[in-house]
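Enquirer: Fold the following.
(2 chains)
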Amino acid sequence: MKPGKAQAFEQLVQEHERMVYLLCLRMMGNREDALDCAQEAMLNAYQAFDRYRGEANVKTWLYRIARNTCIDALRRRKQVLSLDTLRDGGFDVADTKAQTPHAALESKERYEEINRAVQKLPEDQRAVLVMRDYQNMAYDEIARVLDLPEGTVKSRINRAREKIKKILLKNGEQNACSSVQDK
Amino acid sequence: MKCEKFALLLDRPMEELSDAEKKEMDRHAAQCEECALMRQVIADMRDMDAQEEVPEAFSSGWRALIAKEEQKEMDKKIIRFDWKRALSAAAAVVFVAGGTLISYVNGWGLEQKAENETQMVRSYTTNYSDSANGAMLMKSTAYDAGAAPQSASAQESKIIRTVDFTLKTQNYDADYEKLQQKASEFGGRVESLNVYSEEGAGNLRRANLTLRVPAGQLDAFVESLDGVGTMASYSEYTEDVSANYYDVQARLDTQLSKMARLQELMAKAETTADLIELENAISDTQYMIDSYTGQLKGYDSRINDSYVYVTLREVSSADAAEEKSLPIGERIVNALKASGEFASDLAQSLAVFAVVALPWGAALAAVVLLAKLVRRWIRKK
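Expert: Residues are numbered from 1 along each chain as shown, chains lettered A, B, ... in the order given. Predicted coordinates:
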């Protein structure tokens, strides 16, 4: 063990900690799980720090660990997020009063709808979408993190976006129907 | 603009787009609700992350976790001394070193050799005795055919012990006195003595003594000489004469029986010719009886009183000092020789022990394997 290993690690990763947390948040879908998962990811990275030789960019290395930690956590959880979990995570869906698909996405509620839709994506598509659309990462960077060809990343993102669009459109129509029925 | 082109432009960062492209996208979004929705979704996603605050619990949490982990690693480093492994290693070292030492001290593998050598000596002695007695033995066997001689193993062993040693002394007179005194203390006596001076060597004296010490007291006598000069050399010989001894005794018994029969015949003899013949026979028999009796007495004397050949050598103080302090080179050579011999002996002992330990090692491995299998089976259950 190197002397001051924890200190060296902290210096190396502190500028990426926010992105690690956000990746975990979008992957896990709620803040509680995100917190646990992000902490676990940081611990995993620390334990792997001795083996880190700088061959990969720190961000890429750290993201890869975070993403793998999230996948493991999701597999452990092995359950679809309940509405209660989403609510605990700050995504209140009960008050959605959208009138049209587009109108439904007009406030804070839009964020909740989007996040719920993202949680319905398969893990591999969710990961690329989060990195690309939430975190604005370049394709080649995502490809390095996921160890995939760039073309595969692009096609996954396209598929993920298509799915998100369908989910949101469907939700918008359902909300519009329920709104009419309420009246 | 088509939806595909809109999607391509949407994928690019806003700041990279030209004004014309942005206007074109706006026009398309106004007509296509789905594209407008996706543009809004992606913008929202980026806003979401920008607005999201990282909880303090995360920042402080992971730092606390790695600090704890670092402490754990440091503790592990301190307590990395693996007792299990250390004990196993110590046990292995004790086993191998102990085994080698036992092999070295007990001389495993040497017993057989020694035994063989003893057998060879015995065999040689027997052959020699047989050939020495030659025809006589055969004759004797013929005479004793009807008798039931006691088996050799049931008879008392007749052992002749002889000791030969050289003592060096600077106190010649005192040690010479002591030697004789000790011999007489243990019931011994001086059988012969030869004292002379070595000319040209500072008239240093030398005494060759032949002592006779009762066999039962021989060991005690030799031990009692500790302090009488310095033992320069020591040899001890043991000769088992049981076979010869009992053979002679059997022949004597035969001759005695024969003598008794001859005397009976003598009493009954009626003619002069018979008397003359019987007297001759008695004379021959008596000769044999005397001869055998003499041989037995000789044996008894050598068996009961061991021969101790002592050479008492006077040495000058210079010789003694020289012997005590060898030149450094010679001492180093001697030490190296001794060390080499010791290492060689030890290596041989290790090899012998390794072979001796093989079956035990195999048995141990089988037990460990069995224990592991049982453990795995229990865990599976």
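
Enquirer: Go through stretch A:152-159 and flag the buried ones.
Expert: Across stretch A:152-159, burial judged by 16 or more other CB atoms under 10 Å in any protein chain shown covers A:153-154, A:156-157, A:159. Where you see a C-beta, it was placed from the backbone N, CA and C, and this is true even at glycine.

Enquirer: now, which of the residues you listed lie within strands?
Expert: Among the buried residues of stretch A:152-159, no member is found in strands (DSSP state E).

Enquirer: Contact partners for the closest residue to chain A within chain B?
Expert: Taking CB to the nearest CB, chain A has its nearest neighbour within chain B at residue B:62, 3.7 Å off. Contact partners of residue B:62, counting by CB atoms under 8 Å, 6 or more residues apart in numbering or on different chains, are A:17, A:38-39, A:42-43.

Enquirer: Count the residues that sit near residue 59.
Expert: Picked chain A for this. 17 (other CB atoms under 10 Å in any protein chain shown).

Enquirer: my question was about chain B
Expert: Counted with other CB under 10 Å, residues neighbouring residue B:59 total 16.

Enquirer: Quick one: mean pLDDT for the helix or strand that contains residue A:109?
Expert: If you go by DSSP states H and E, residue A:109 is part of helix A:108-119. Taken as a whole, helix A:108-119 has an average pLDDT of 85.

Enquirer: Pull out the buried residues from it.
Expert: A:109-119.

Enquirer: So which residues of chain A form helices?
Expert: Ranges of helices in chain A, per DSSP state H, are A:5-13, A:17-28, A:31-48, A:58-77, A:83-88, A:108-119, A:123-129, A:139-146, A:150-182.

Enquirer: most packed of those helices?
Expert: Most buried of these, by mean neighbour count (mean count of other CB atoms under 10 Å in any protein chain shown): helix A:17-28, with a mean of 24.

Enquirer: Mind giving me the packing neighbours of that one?
Expert: Other elements packing on helix A:17-28 under the criterion 3 or more CB pairs under 8 Å, 6 or more residues apart in numbering or on different chains; DSSP states H and E are helix A:31-48, helix A:58-77, helix A:123-129, helix B:56-78.

Enquirer: Any residue of the second one touching chain B?
Expert: No - applying CB under 8 Å from any CB of the partner chain, one finds helix A:58-77 out of contact with chain B, separated by at least 11.3 Å.

Enquirer: about what we covered before: of the helices of chain A, which approaches residue B:28 most closely?
Expert: If you check each of the helices of chain A against residue B:28 by CB to CB, helix A:150-182 wins as the nearest, at 15.1 Å.

Enquirer: could you give me the average pLDDT of that closest one?
Expert: Averaged across helix A:150-182, pLDDT comes to 79.

Enquirer: give me the number of residues near the closest residue to residue B:3 other than its chain neighbours?
Expert: Nearest non-adjacent residue to residue B:3, counting by CB to CB, 6 or more residues apart in numbering or on different chains: residue B:35, 5.6 Å away. Residue B:35 is flanked by 21 other residues according to other CB under 10 Å.

Enquirer: Quick check: residue B:35 is in a strand.
Expert: No - assignment of residue B:35 by DSSP: H, G, I helix; E, B strand; the rest coil gives helix, placing it outside any strand.

Enquirer: near chain B, from the buried residues of helix A:108-119?
Expert: When CB under 8 Å from any CB is applied, the members of the buried residues of helix A:108-119 adjacent to chain B are A:110-111, A:114-115.

Enquirer: Nearest to residue A:136 among those?
Expert: residue A:114 (15.3 Å).

Enquirer: The closest one contacts residue B:44, doesn't it?
Expert: Yes - the criterion here is CB atoms under 8 Å, and residue A:114 meets it with residue B:44 at 5.7 Å.

Enquirer: Could you pull up the residues touching residue B:28?
Expert: If you count contacts by CB under 8 Å, 6+ apart, residue B:28 has them with B:1, B:3, B:6, B:35.

Enquirer: So in the chain, where's the weakest helix or strand by average pLDDT?
Expert: Chain wasn't specified; assuming chain A. Within chain A, confidence by mean pLDDT, DSSP states H and E is lowest for helix A:83-88 among all helices and strands, at a mean of 46.

Enquirer: actually chain B
Expert: Lowest by mean pLDDT, DSSP H and E among the helices and strands of chain B is helix B:110-143, with a mean of 40.

Enquirer: Excluding sequence neighbours, find me the nearest residue to the residue in chain A positioned nearest to chain B.
Expert: Chain B sits closest to residue A:42 of chain A, with a gap of 3.7 Å, by CB to the nearest CB. Residue nearest to residue A:42 in three dimensions, not counting chain neighbours: residue B:62, with 3.7 Å by CB to CB, 6+ apart.

Enquirer: okay, the one you found: pLDDT?
Expert: In this model, residue B:62 is scored at 91, pLDDT.

Enquirer: Need the per-residue pLDDT for residue 98.
Expert: Just going to use chain A. At residue A:98, pLDDT is 40.

Enquirer: Let me rephrase: I mean chain B.
Expert: Reported pLDDT for residue B:98: 84.

Enquirer: other SSEs contacting the one helix or strand it maps to?
Expert: If you go by DSSP H and E, residue B:98 is part of helix B:83-106. Here helix B:83-106 touches helix B:328-380, going by 3+ CB pairs under 8 Å, 6+ apart.

Enquirer: how far out from the middle of the chain is the helix or strand hosting residue B:49?
Expert: Assigned by DSSP H and E, residue B:49 belongs to helix B:33-51. Centroid displacement of helix B:33-51 relative to its chain, using CA atoms, centre = their mean, to the nearest Å, is 88 Å.

Enquirer: Check stretch B:276-286 too.
Expert: Computed by CA atoms, centre = their mean, the chain-centroid distance of stretch B:276-286 equals 63 Å.

Enquirer: ok, and what's touching that stretch?
Expert: B:255, B:258-259, B:262-263, B:265-266, B:269.

Enquirer: can you tell me which of those residues are in strands?
Expert: Among the contacts of stretch B:276-286, no member falls in strands (DSSP E).

Enquirer: Could you tell me which of those count as buried?
Expert: B:255, B:258-259, B:262.

Enquirer: now those as JSON lines including distance to residue A:58 and pLDDT?
Expert: Shown next, in JSON lines, are those (distance: CB to CB, whole Å; pLDDT from 0 to 100):
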{"residue": "B:255", "distance to residue A:58": "115", "pLDDT": "93"}
{"residue": "B:258", "distance to residue A:58": "119", "pLDDT": "93"}
{"residue": "B:259", "distance to residue A:58": "121", "pLDDT": "93"}
{"residue": "B:262", "distance to residue A:58": "125", "pLDDT": "92"}
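
Enquirer: what would these look like in CSV with distance to residue B:159?
Expert: CSV is the format used below for these (distance: CB to CB, whole Å):
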residue, distance to residue B:159
B:255, 26
B:258, 30
B:259, 31
B:262, 36
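
Enquirer: so which of those residues are also by chain A?
Expert: Within the buried ones among the contacts of stretch B:276-286, nothing lies near chain A by CB under 8 Å from any CB.

Enquirer: Next step: these restricted to helices.
Expert: Counting by DSSP H, these contribute B:255, B:258-259, B:262 to helices.

Enquirer: Enumerate the residues of chain B near chain A.
Expert: Counting by CB under 8 Å from any CB, chain B comes close to chain A at B:7, B:11, B:13, B:33-34, B:36-38, B:40-42, B:44-49, B:52, B:54-55, B:57-59, B:61-63, B:65-67, B:69-70, B:73-74, B:77.

Enquirer: All set now, cheers.
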